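Undergrad: Sequence and predicted structure are below.
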Amino acid sequence: MDAIDALRRELGNAMSVEPAALEAMRSDRSGRISDAAPLALVNARTITDVQATLAVAREYNIPVVPRGAGTGLAGGAIGAGGTIVLSLAGMNRILEIAPDDELAVVEAGVINGDLNAALAPHGLWFAPDPASRAISSVGGNIATNAGGLLCAKYGVTREAVLGLTVVLADGTLLRTGRRTVKGVTGYDLNSLFVGSEGTLGVIVDATVRVVPIVDGDTVTIGAIFPDVESAAAASAAITASRLRPAVMELLDAVSLAAVEAYVGQEEMRATVGLTRGGSYLLVQFDSGPAESITARAVECIEASGGTATATVDRDAGDRLIAVRRTVHPALAAAGEVLIEDVAVPRSKLPEMFAAITQISRRYDVSIPTVAHAGDGNLHPNFVFTGDEPPERVWRAADDLFRTALRLGGTLTGEHGVGVLKRRWLRDELGDDSYRLQRQLKAVFDPAGILNPAAMFTPGDGFVL
């Protein structure tokens with residue numbers, strides 16, 4: 001009996017080798033495509049399905065790639081030749097909503113937006129707010145420690161995860177964390193799995209913290225600046241003033257021009273005023289004394305050379321936010337896009353934006369950049385034509401990553417390492433930490449079958 005027969009025996013119609021289904025697993029939203037289709041696809045519906053898949057994988061020494069909704073941007077859930085893709089998309093039940101404890105228990109395949117729709121009647125919401133919230137799964141959000149527009153105030157996914165149920169490589173069902181708000185018993189295995197990209201175990205359900213929907217004035221400010229450095233200086237000033245916006249997003253001139261070309265000049269003028277050649281700062285506060293907060297934020301903006309439009313009207317605020325949410329559709333309409341993800345200390349945002357401008361000129365590559373300015377997380381976008389990024393894009397990316405590290409930053413704020421950034425991982429971690437992390441993976445996955453292509457570079461001289 002071979003591996004396919006064993007999968008079919010254990011999983012029945014939950015296992016597929018249908019060519020179109022396998023072909024769809026070769027890529028995710030990163031644009032990365034594997035060299036060959038995976039061996040098989042398992043559409044898990046239960047924890048037993050997950051355990052059975054790993055049992056067969058261990059027996060036949062076959063790599064397993066856990067996958068959620070396939071919305072990742074670092075190539076961390078791509079099925080390559082000879083692998084089994086283990087999809088959790090079908091494990092999509094909301095198991096419990098506990099309003100009194102402000103928590104929910106969900107299977108890994110639950111869509112972020114669907115969870116919030118279920119929470120809304122209880123006056124609650126799940127704060128992690130990735131741009132893909134309408135299509136990304138909670139399990140995928142956890143596996144990559146996803147962020148989003150609201151992480152300036154509410155943090156990234158890690159802050160919302162109270163507990164996990166994980167199937168380890170040997171089939172053990174491990175429960176980490178707790179249902180309580182506080183708890184420090186033992187090592188924090190819960191946080192270890194958050195952001196581990198399926199390399200340590202397969203997350204099958206999660207107990208997540210939910211928060212009350214804010215009931216009060218929401219102030220939204222859209223500001224135009226003559227250049228991105230002055231916009232970044234304004235965002236740094238707002239942070240330094242101890243204001244805590246729920247949203248603070250920054251668009252450079254290239255990104256803003258792409259949005260204007262996409263939606264039309266008249267619509268942009270009606271929303272944020274004349275934008276030609278300018279950069280855009282979006283700031284939103286969802287609590288506190290509206291007038292005093294607005295005045296202090298506008299003061300920071302005007303001191304840095306910006307012109308602000310402030311509103312408490314929800315529809316007008318939504319239009320200001322839509323400028324930011326339209327960036328990626330606008331760039332995708334102009335060509336292929338490699339969406340990157342670095343973070344620097346917030347005070348270094350002006351310096352990082354200036355460096356991106358220089359890198360763009362140095363390598364003759366368009367790099368429209370947006371940023372979650374509230375936490376220093378930038379998304380440089382490399383726009384190109386063709387199926388694969390040209391070599392100059394990777395040279396520019398290498399320069400950009402090393403610049404972020406030099407400024408005290410990190411290779412990835414929320415997308416994860418995946419396969420796209422694994423070559424730079426040791427540059428950030430250093431040899432000792434890199435070696436220790438590989439050894440840690442070996443504790444959880446001694447045979448190396450869990451998503452082995454993600455994060456760590458094969459054959460780099462380190463022994464597991």
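TA: Sure, I can see it. Source: prediction; values computed, not measured. Numbering: from 1, shown residues only.

Undergrad: For residue 137, list the residues it contacts.
TA: 68, 69, 71, 88, 89, 92, 108, 109, 110, 111, 112 (Cβ atoms under 8 Å, 6 or more residues apart in numbering). From N, CA and C alone the C-beta is placed, and that goes for glycine too.

Undergrad: Sort out for me which of those are in helices.
TA: Within these, residues falling in helices by DSSP state H are residue 112.

Undergrad: Looking at neighbours, which among the contacts of residue 137 is most surrounded?
TA: residue 88 (31 neighbours; other Cβ atoms under 10 Å).

Undergrad: Next one: that residue from residue 415, what distance?
TA: Distance check for residue 88 against residue 415: by Cβ to Cβ, to the nearest Å, it reads 19 Å.

Undergrad: what do you get for residue 60?
TA: 32 Å.

Undergrad: More neighbours: which of the two?
TA: Shown here are residue 60 and residue 415; by other Cβ under 10 Å, residue 415 has more neighbours (26 against 16).

Undergrad: Quick check, that one in contact with residue 342.
TA: No: the criterion here is Cβ atoms under 8 Å, and residue 415 misses it with residue 342 at 9.7 Å.

Undergrad: okay, and the common contacts of these two?
TA: Contacts common to residue 415 and residue 342, judged by Cβ under 8 Å, 6+ apart, are absent.

Undergrad: lowest-confidence helix or strand of this structure?
TA: Ranked by mean pLDDT, DSSP states H and E, the weakest helix or strand in the chain is helix 265-272, scoring a mean of 71.

Undergrad: Beyond that one, next helix or strand please.
TA: Note on helix 265-272: by DSSP states H and E, the next helix or strand toward the C-terminus is strand 279-285.

Undergrad: Going C-terminal from that next one, what's the next secondary structure element?
TA: Per DSSP H and E, the first helix or strand lying C-terminal to strand 279-285 is helix 290-303.

Undergrad: And the helix or strand just after that following helix, what's buried?
TA: Downstream of helix 290-303, the next assigned helix or strand under DSSP H and E is strand 307-311. Within strand 307-311, the residues scored as buried using 16 or more other Cβ atoms under 10 Å are 307, 308, 310, 311.

Undergrad: Would you format the residues you listed as a markdown table with distance to residue 430 included?
TA: Converted to a markdown table, the buried residues of strand 307-311 look like this (distance: Cβ to Cβ, whole Å):
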| residue | distance to residue 430 |
| --- | --- |
| 307 | 45 |
| 308 | 43 |
| 310 | 45 |
| 311 | 47 |
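
Undergrad: Please spell out the segments of the stretch 151-300 of the chain that come in under the pLDDT threshold.
TA: 269, 271-277, 288-289 (pLDDT under 70).

Undergrad: where exactly do the helices run in it?
TA: 151-154, 189-193, 228-240, 253-263, 265-272, 290-303 (DSSP state H, counting those that start in this stretch).

Undergrad: From the contacts of residue 137, which shows the smallest pLDDT?
TA: By pLDDT, residue 71 ranks lowest within these, coming in at 90.

Undergrad: Wait, that residue touches residue 135, no?
TA: Yes: with contact taken as Cβ under 8 Å, residue 71 and residue 135 are classed as touching, separated by 5.7 Å.

Undergrad: Mutual contacts of those two, please.
TA: Joint contacts of residue 71 and residue 135 (Cβ under 8 Å, 6+ apart) do not exist.

Undergrad: what's the closest of the contacts of residue 137 to residue 263?
TA: Using Cβ to Cβ, residue 71 is the member of these that lies nearest residue 263, at 23.4 Å.

Undergrad: can you give me the strands for the stretch 51-200 of the chain?
TA: Under the criterion DSSP state E, counting those that start in this stretch, the stretch 51-200 of the chain carries strands at the ranges 64-67, 84-87, 94-98, 103-107, 124-125, 161-167, 173-177.

Undergrad: Against which helices or strands is the fifth one packed?
TA: If contacts are counted by 3 or more Cβ pairs under 8 Å, 6 or more residues apart in numbering; DSSP states H and E, strand 124-125 sits against strand 211-212.

Undergrad: tell me what the strand it packs on is packed against?
TA: If contacts are counted by 3+ Cβ pairs under 8 Å, 6+ apart, strand 211-212 sits against strand 124-125.

Undergrad: From the rest of the structure, what touches the strand it packs on?
TA: Strand 124-125 is contacted from outside by 97, 99, 102, 104, 116, 119, 210, 211, 212, 213, using Cβ under 8 Å, 6+ apart.

Undergrad: got the contact list for residue 445?
TA: Residue 445 neighbours (Cβ under 8 Å, 6+ apart): 168, 169, 199, 200, 201.

Undergrad: will you turn those into TSV that also has neighbour count?
TA: Compiled in TSV, the contacts of residue 445 are given as follows (neighbours: other Cβ atoms under 10 Å):
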residue	neighbour count
168	16
169	21
199	25
200	22
201	27
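
Undergrad: tell me which of these is nearest to residue 9?
TA: Proximity of the contacts of residue 445 to residue 9, judged by Cβ to Cβ, is greatest for residue 169, which lies at 20.7 Å.

Undergrad: and the nearest residue to the closest one once chain neighbours are set aside, how far is that from residue 201?
TA: Nearest in space to residue 169, with sequence neighbours left out and distances taken as Cβ to Cβ, 6 or more residues apart in numbering, is residue 445 at 4.3 Å. The gap separating residue 445 from residue 201 is 8 Å, by Cβ to Cβ.

Undergrad: From residue 5, how far out is residue 81?
TA: Computed as Cβ to Cβ, the residue 81 to residue 5 distance reads 19 Å.

Undergrad: And residue 316, by the same measure?
TA: 61 Å.

Undergrad: give me the low-pLDDT residue ranges for the stretch 1-150 of the chain?
TA: In the stretch 1-150 of the chain (pLDDT under 70), the answer is 1.

Undergrad: redo that, cut-off 90
TA: The model of the stretch 1-150 of the chain has pLDDT under 90 over residues 1, 28-33, 73-75, 129-135, 147-150.

Undergrad: still on that earlier bit, in the contacts of residue 445, find the pair that's most separated.
TA: Within those, 168 and 199 form the most distant pair, 11.6 Å apart (Cβ to Cβ).

Undergrad: Report the separation between the nearest residue to residue 298 once chain neighbours are set aside and residue 294.
TA: Leaving aside its sequence neighbours, residue 298 sits nearest to residue 308 (Cβ to Cβ, 6+ apart; 4.8 Å). Distance, residue 308 to residue 294, by Cβ to Cβ: 9 Å.
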